[in-house]
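>>> Fold the following for me, if possible:
(one chain, ligands or ions: 2)
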Amino acid sequence: MSVLAGNPPVALTIAGSDSGGGAGVQADLKTFAAHRAFGTSVITALTAQNTVGVRAISAVAPEFVAAQLEAVLDDLPVAAVKTGMLATPETVALVARFAPRLPNLVVDPVLVASSGDRLFTADAERAYLELLFPHAAVVTPNLREASVLLGRDVLDADDAVKAAADLAAYGPRCVVVKGGHLRGSAEAVDAVWFDGRTSLMTAPWIDTANNHGTGCTFAAATAANLAAGAELPVALAEAKTYVHAALSRSASWSLGAGHGPLGWGPF
Ligand SMILES: Nc1ncnc2c1ncn2[C@@H]1O[C@H](COP(=O)(O)OP(=O)(O)O)[C@@H](O)[C@H]1O
Ligand SMILES: Cc1ncc(COP(=O)(O)OP(=O)(O)O)c(N)n1
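Ligands and ions are numbered 1, 2, ... in the order given. Model (predicted):
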């Protein structure tokens, strides 16, 4: 048994609960643990969800989200933060007010689950752009989220490159437009805008239906790497490698009738 010398880095997820354990807070805490970060959580919504879809959502009142944030931040040395499902524009505004206390802020603007179920108030997405993006170290929309945020189609790698640059105008230090829903390529391609330049980040494509929670896992791994002191480009590259490994581990599992979870480890 190995014993850690000193304290582990502390990471915080501000996100919704996925009862099925594949996405949301559950995915984030498992990802933090796999990175040897001490995970803390502020829950913004409960979802009754499984590998097939989302059956019901109950948003947590913003005052109670604030109470959770105060409790964690008043006591624990949080070194990086990931936001996932924030559910309502009121909660986006609240998290933005806490931004000065949220170091290394990774914003995954969760709007719609891959199952097609909405996870954020319709037509209120500008709250993300105007209130939260300016505080982010990195924002990580998928293709559909980039489309909704920009009000135009983002369908292929060229569109993703342009979208990353356009979203950067809202003030985050870095933008990753994730290409996990691009089809017909041997590679999983993401567009990254950083320091005024756009590049592509790639990994071999894993052919599996067990892809529920890839976005949560990527953002949480990035936050865990930042909490451990990694520079942003390294944090992103290592998160990409980790998602690939986690997808490989669970590729042949059959947990649930729909899109199954990732193998975060140590399985
Ligand atoms: N089948 C796959 N094989 C390899 N990488 C993947 C696969 N699906 C998604 N990814 C990667 O997982 C990360 C999350 O992307 P994506 O699935 O688009 O996010 P979301 O879950 O938010 O829709 C990205 O780095 C993407 O390239
Ligand atoms: C509670 C909760 N949060 C986030 C998601 C979306 O997860 P994500 O990894 O972005 O994507 P998919 O698994 O839907 O592809 C969720 N479903 N539930």
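
>>> Spell out which parts of this structure neighbour ligand 2.
The interface of the chain toward ligand 2, taken as Cβ under 6 Å from any ligand atom, is made up of 15-16, 18, 23-24, 47, 49, 84-85, 110, 113-114, 119, 212-216. All C-beta atoms are positioned from the backbone trio N, CA, C, and that covers glycine.

>>> try 8 Å this time
By the rule Cβ under 8 Å from any ligand atom, the part of the chain lying against ligand 2 is 15-18, 22-25, 27, 45, 47, 49, 54, 84-85, 108, 110, 112-115, 117, 119, 142, 180, 211-218, 259.

>>> Those residues also near ligand 1: which ones?
The subset of the residues of the chain next to ligand 2 within reach of ligand 1, by Cβ under 8 Å from any ligand atom, is 23, 108, 110, 114, 142, 180, 211-218.

>>> you'd agree Ala15 is in a strand?
Yes - assessed with DSSP: H, G, I helix; E, B strand; the rest coil, Ala15 lies in a strand.

>>> which residues touch Arg249?
With contact taken as Cβ atoms under 8 Å, 6 or more residues apart in numbering, Arg249 is in contact with 262-265, 267.

>>> Ligand 1: which of those residues is nearest?
Leu262 (9.2 Å; Cβ to the nearest ligand atom).

>>> now stretch 66-83: mean pLDDT?
What stretch 66-83 shows for mean pLDDT is 98.

>>> burial measure for the closest residue to ligand 2 within the stretch 51-200 of the chain, as a count.
Of all residues in the stretch 51-200 of the chain, Ser114 sits closest to ligand 2, at 3.2 Å by Cβ to the nearest ligand atom. Neighbour count of Ser114, defined by other Cβ atoms under 10 Å: 18.

>>> now the one 5 residues further on
Leu119 has 21 neighbouring residues, counting by other Cβ under 10 Å.

>>> Touching, it and Ala113? I think so.
Yes - counting by Cβ atoms under 8 Å, Ala113 is a contact partner of Leu119 at 5.7 Å.

>>> Identify the contacts common to these two.
Shared contacts of Leu119 and Ala113 (Cβ under 8 Å, 6+ apart): Val54.

>>> quick one on the thing from earlier: of the contacts of Arg249, buried ones?
Burial by neighbour count, 16 or more other Cβ atoms under 10 Å: within these this picks out 262-264.

>>> Tell me where the stretch 51-200 of the chain has helices.
Here the stretch 51-200 of the chain has its helices, by DSSP state H, counting those that start in this stretch, at 62-75, 89-98, 126-127, 143-150, 157-168.

>>> Would you mind listing the residues in contact with Ser19?
Residues near Ser19 by Cβ under 8 Å, 6+ apart: 46-50.

>>> Around the closest residue to Ile57 other than its chain neighbours, how many other residues sit close by?
Spatially, and ignoring its direct neighbours in sequence, Ile57 is nearest to Thr47 (5.3 Å; Cβ to Cβ, 6 or more residues apart in numbering). Thr47 has 25 neighbours, counted by other Cβ under 10 Å.

>>> helix/strand/coil for Thr47?
Put simply, Thr47 is strand when judged by three-state DSSP.

>>> picking up where we left off before, now pLDDT and distance to Asp190 too, for the ones next to ligand 1 among the residues of the chain next to ligand 2, in JSON lines please.
Listed next are these as JSON lines, based on pLDDT from 0 to 100; distance: Cβ to Cβ, whole Å:
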{"residue": "Ala23", "pLDDT": "98", "distance to Asp190": "18"}
{"residue": "Asp108", "pLDDT": "98", "distance to Asp190": "13"}
{"residue": "Val110", "pLDDT": "97", "distance to Asp190": "16"}
{"residue": "Ser114", "pLDDT": "85", "distance to Asp190": "16"}
{"residue": "Asn142", "pLDDT": "97", "distance to Asp190": "9"}
{"residue": "Gly180", "pLDDT": "93", "distance to Asp190": "8"}
{"residue": "Asn211", "pLDDT": "96", "distance to Asp190": "14"}
{"residue": "His212", "pLDDT": "97", "distance to Asp190": "18"}
{"residue": "Gly213", "pLDDT": "97", "distance to Asp190": "16"}
{"residue": "Thr214", "pLDDT": "98", "distance to Asp190": "11"}
{"residue": "Gly215", "pLDDT": "98", "distance to Asp190": "11"}
{"residue": "Cys216", "pLDDT": "98", "distance to Asp190": "15"}
{"residue": "Thr217", "pLDDT": "98", "distance to Asp190": "13"}
{"residue": "Phe218", "pLDDT": "98", "distance to Asp190": "8"}
